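1. Just to be clear, the model below is a prediction. Sequence and coordinates:
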Amino acid sequence: MLIIKIILLIINFILFIYGFYFFIFGILPLLKKKRIEKTFKPKHKFRIIIAARNEEIVIPNLIDSLKRQDYPKDMYDIYVVPNSCTDKTREISLKHGALVLDIKGNVKSKGDVLNYVYKEFKNDKSFDTYVIFDADNVVDKNFLKEMNNKLLNGYEVVEGFRDCKNLYENWLSGSYAISYYLQHIFLYDTRERIGASANINGTGYAITKSALEKINYQATTLTEDIELTAICAIHNVKIGFAQKAIFYDEQVSSLIPSIKQRKRWNLGTLQVLKKYVKNLGVGFKKNHNLHAIDSFILAFGPIYQLLVATTTIFNIILVDNIIVMLGFTLLSYLGTVVLSLFLCIVNKKKIIPLLPAIFLFSLFMVTGIISVFLAIFDPNKTWEEIKHDKQISIDEI
C-alpha cells in the first residue's frame, strides 16, 4: 500500500506540473493586450489543396464556398486530390470548377497525399503558399484575405479558426466544437499575446513554400497536423492564429465512430511523441522557444489523460471519505459546465441548443480517455473512413 501511495504521489506531482504550466501560459497571458496587426492588400498567391476520399456528397459545398472568396480570383486556385475513390468525387469536383490532381500509386493517409502534392508542385512558380482543407469543410468568404494579412504580419505558417458545421446536431458535435473553442482561447490566443506559437489542428491552415523547404517536412505519422507542429517547433518556425479566418468542419455525431476517430488521433500523437521527443529537446536547447515545450506537452497529451484516469481510479479505491470524493467530483463537473458555457458565450453561440453539449462535455472527455486506452493497448494502425454526409452550405451556416 505504501508503494502505491508513493507512486500516486509522484504521478500527482507530474499532473500538478502539467496543470501549473497551462495556468502560467494558458490563463495569465489573457491579462495582456493583443497586438494590433496591420492589414494588407492581396499579395500571396494561394494553392488550395483538398485531399478527398469518397467525398462526393460534401465536396461541392466546399468548392463553392472557396470560389466565392473575397480575394482576387487570379491569385488562388483550387486542387482536389482524389485518392482511393470509388465514387464520383473527381467528376463532381471538375463540374464545380476545381482542378484535379490524380495521384499515381496508392496512398494510405492524408499525410501521404500531402507528401505527393508537395513533391509534385515543388518547382511550380505560379504560387507561393499552400492552403490545406478537408473535403467536408466550408469556408467563410474572408478566409484567404485574413490568411494573407496574417502571413504578411510575419508568419510563414498560419492556422485558421475552426468551427463546427453541424454545431447544433447533438451533444457530441457540440462537444467537439467546445473543445476547439477551448484550444483557440487557452492555447492559440494566449500564445500570440506573449509572442509564442499556435498549433496546427487538422485542417484549415496555410503554409508557405519557403517554410516547407526550411523545415523539410515529410508526413510519416497518422496525425500529420501534430507532426507538422512538432517539426515547426524543432526548426523554430512560428505558427500564427488567424482568428478571423473562419472555416467550418463536420464533426462526428455518433459515439462509437467518435471513439474510433479519437483513438486514431491519440495513436498518431503517440507516434509523434516517440519520433520527435529528442529533437524537440534539442530544439528547445538551441532556440529556447516555448513552442518546443508546447509541442512536447501536446504530444504527451494521451499519456497525461492515462495518468489522470489511473490516479482517479486509485483515489476512488483508496479514499477514506466517500463524501469528500463525491464532493470533489461534483465540483470538477460543475467547473467543466461553467467553462463550457463561458466558451459558448464568448463565441456568440446559441446557448439553448448547446445545453446538451455543455452539460455532457465531461462525458466527451471521459470517452476521450477510453480512446487513449484503446490507442495504447490496441495499437491497430489501420485507417478507417469517417463518413461525411452533412450537405450544409456556407449560406446555411
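-> Structure's in. What do you need?
2. Please make it C-alpha for all contacts and neighbour counts, starting now.
-> Noted.
3. same for the helix or strand hosting residue 4, what does it pack against?
-> According to DSSP states H and E, residue 4 maps onto helix 2-26. When contacts are defined as 3 or more CA pairs under 8 Å, 6 or more residues apart in numbering; DSSP states H and E, helix 2-26 sits against helix 190-193, helix 290-318.
4. So which of those is nearest residue 238?
-> Smallest distance to residue 238 across the helices and strands packed on helix 2-26 (CA to CA): 7.8 Å, for helix 290-318.
5. Any buried residues in the closest one, and which?
-> By neighbour count on 16 or more other CA atoms under 10 Å, the buried set for helix 290-318 is 290-307, 309, 311.
6. Please apply the same query to stretch 88-99.
-> So stretch 88-99, judged by 16+ other CA under 10 Å, has buried residues 89-90, 92-93, 98-99.
7. Quick one: mean pLDDT over that stretch.
-> Stretch 88-99 shows a mean pLDDT of 96.
8. about what we covered before: inside helices: which ones of the buried residues of stretch 88-99?
-> Counted as lying in helices by DSSP state H, out of the buried residues of stretch 88-99, are 89-90, 92-93.
9. Who are the packing partners of the helix or strand containing residue 366?
-> Taking DSSP H and E as the definition, one finds residue 366 inside helix 351-377. Judged by 3+ CA pairs under 8 Å, 6+ apart, the packing partners of helix 351-377 are helix 171-183, helix 255-287, helix 290-318, helix 322-346.
10. Which one, of these, ends up nearest to residue 387?
-> Nearest to residue 387, of these and by CA to CA, is helix 255-287 at 9.2 Å.
11. in stretch 336-352, what counts as buried?
-> Neighbour count says stretch 336-352 has 336-337, 339-344 buried, by 16+ other CA under 10 Å.
12. Touching that stretch from outside, list them.
-> The contact list for stretch 336-352 (CA atoms under 8 Å, 6 or more residues apart in numbering) reads 178, 181-182, 358-359, 361-362.
13. again, only this time at 10 Å
-> 163, 167-168, 174-175, 177-182, 184-185, 330-331, 333-335, 354-355, 357-362 (CA atoms under 10 Å, 6 or more residues apart in numbering).
14. wait, residue 254 sits on residue 175?
-> No - between residue 254 and residue 175 there is no contact under CA atoms under 10 Å: 11.8 Å.
15. So the two - more neighbours on which side?
-> Neighbour comparison, residue 254 and residue 175: the larger count goes to residue 175, with 28 against 12 (by other CA atoms under 10 Å).
16. now the ones in helices among the buried residues of stretch 88-99 as TSV including distance to residue 195?
-> Shown next, in TSV, are these (distance: CA to CA, whole Å):
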residue	distance to residue 195
89	41
90	42
92	43
93	40
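17. Residue 78: which of those residues is nearest?
-> For these, the nearest to residue 78 is residue 93 (9.7 Å; CA to CA).
18. Thought residue 87 was touching the closest one, still the case?
-> No - with contact defined as CA under 10 Å, residue 93 does not count as touching residue 87 (11.5 Å).
19. tell me, what's touching the two both at once?
-> What both residue 93 and residue 87 touch, as defined by CA under 10 Å, 6+ apart, is the set 55-56.
20. still on that earlier bit, so which bits of the helix holding residue 4 are buried?
-> 8, 11, 15, 22, 25-26.
21. Could you pull up the mean pLDDT of it?
-> The average pLDDT within helix 2-26 is 81.
22. Any regions of the stretch 1-150 of the chain where pLDDT drops low?
-> 1 (pLDDT under 70).
23. Just the strands from it, written as ranges.
-> Under the criterion DSSP state E, counting those that start in this stretch, the stretch 1-150 of the chain carries strands at the ranges 46-52, 76-82, 99-100, 129-134, 138-139.
24. Distance to residue 273 added to those, as TSV?
-> Shown next, in TSV, are the strands of the stretch 1-150 of the chain (distance: least, CA to CA, whole Å):
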stretch	distance to residue 273
strand 46-52	25
strand 76-82	29
strand 99-100	34
strand 129-134	23
strand 138-139	31
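25. Any quick PyMOL command for the buried ones out of the contacts of stretch 336-352?
-> In PyMOL syntax, the buried subset of the contacts of stretch 336-352 is picked out as below (16+ other CA under 10 Å):
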select buried, resi 163+167+168+174+175+177+178+180+181+182+184+185+333+354+355+357+358+359+360+361+362
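26. Just want the most central residue of the chain.
-> residue 201 (1.9 Å; CA atoms, centre = their mean).
27. hang on, isn't that one packed against residue 159?
-> Yes - assessed by CA under 10 Å, residue 201 is found in contact with residue 159 at 7.3 Å.
28. Longest strand of this protein, counting residues only.
-> Longest strand in the chain by number of residues (criterion: DSSP state E): strand 239-249.
29. Which positions in that one come out as buried?
-> 239-243, 245-249.
30. Nearest to residue 283 among those residues?
-> residue 239 (15.4 Å).
31. and that closest one, what is it in contact with?
-> By CA under 10 Å, 6+ apart, the neighbours of residue 239 are 151, 154-159, 188, 191-192, 196-200, 205-207, 229, 232-233, 291.
32. now these: which count as buried?
-> Among the contacts of residue 239, those classed as buried by 16+ other CA under 10 Å are 151, 155-159, 188, 191-192, 196-200, 205-207, 229, 232-233, 291.
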